[in-house]
Every structure is written in C-alpha cells, then in structure tokens.
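S.K.: the amino acid sequence is not available; the structure is as follows:
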C-alpha cells in the first residue's frame, strides 16, 4: 500500500482529483462515484416509495437500476459546462 501512495503517477492523479482539475481520468472517476451514489439514493428512494407495495428488495433493485438513467446525463452535462467555464 505504501508503494501505491509513493508512486508519482498515482500521487499526481490524486492531486489533480483533489484540486478539481478536470481531465479524462478525473472525469471518469467522478462519473463512477456519482453513479454509485445515485444507485444508493435510488435504492433508498425506491424502498421509501414502493417498499410496501412490491417488496423492499425488488423496489430497491428497481430504484438502483433506474436512478443512474437520469443522473449520468446530468453529470456529463455538468462536467462539460465546468470544463467550458474553466477554459474561459
């Protein structure tokens, strides 16, 4: 583990991720993080909305599957706007 953190490439990547520098690698990492968080939120929302009607596990699964469908385009649009604003 110590070798991973002392590697110059990983250190530069973590620094660019923490400072908010937008490039392809950091954009993909933010998309993965946001997708995972939206799946968790969709599962919780599905359980709250339809848990009693169709069962908690089935509603959580449906919520986790459908939540990223609305979040991923918004994330891509937001990253594109941020990238555009950083350049100007």
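M.R.: Nice, thanks for sending it over. Quantities reported herein were computed from a predicted structural model and do not represent experimental measurements.
S.K.: drop to CA atoms for contacts and neighbour counts, all remaining ones
M.R.: Will do.
S.K.: need phi/psi at the most centrally placed residue in the chain.
M.R.: Nearest to the geometric centre of the chain sits residue 34, at 1.4 Å (Cα atoms, centre = their mean). With angles defined as degrees, to the nearest 10, residue 34 sits at phi -70, psi -40.
S.K.: do the same with residue 20
M.R.: Backbone torsions of residue 20, given as degrees, to the nearest 10, read phi 90, psi 20.
S.K.: after the helix or strand of the chain with the lowest mean pLDDT, which helix or strand is next?
M.R.: One helix or strand of the chain scores below all others by mean pLDDT, DSSP states H and E: helix 2-6, with a mean of 75. Proceeding N to C from helix 2-6, the next assigned helix or strand is helix 8-19, under DSSP states H and E.
S.K.: what are the buried residues along that following helix?
M.R.: residue 17 (16 or more other Cα atoms under 10 Å).
S.K.: that one: how far from the chain's middle?
M.R.: Relative to its chain's centre, helix 8-19 lies at 18 Å (Cα atoms, centre = their mean, to the nearest Å).
S.K.: what's around residue 47, how many residues?
M.R.: 23 (other Cα atoms under 10 Å).
S.K.: pLDDT of the helix or strand it falls within, averaged?
M.R.: Residue 47 belongs to helix 24-54 when elements are defined using DSSP H and E. For helix 24-54, mean pLDDT rounds to 89.
S.K.: so for it, what gets flagged as buried?
M.R.: Buried, per 16+ other Cα under 10 Å, within helix 24-54: 26-27, 30-31, 34-35, 37-47, 50-51.
S.K.: can you check stretch 70-83 too?
M.R.: Buried, per 16+ other Cα under 10 Å, within stretch 70-83: 71, 72, 75, 79.
S.K.: was I right to think the second one contacts residue 36?
M.R.: Which is residue 72. No. Shown here, residue 72 and residue 36 do not form a contact pair, counting by Cα atoms under 8 Å, at 10.5 Å.
S.K.: now do the shared contacts for the two.
M.R.: Common neighbours of residue 72 and residue 36 are not found (criterion: Cα atoms under 8 Å, 6 or more residues apart in numbering).
S.K.: so who does residue 68 touch?
M.R.: 35, 38, 39.
S.K.: and residue 8, how far from residue 24?
M.R.: 18 Å (Cα to Cα, to the nearest Å).
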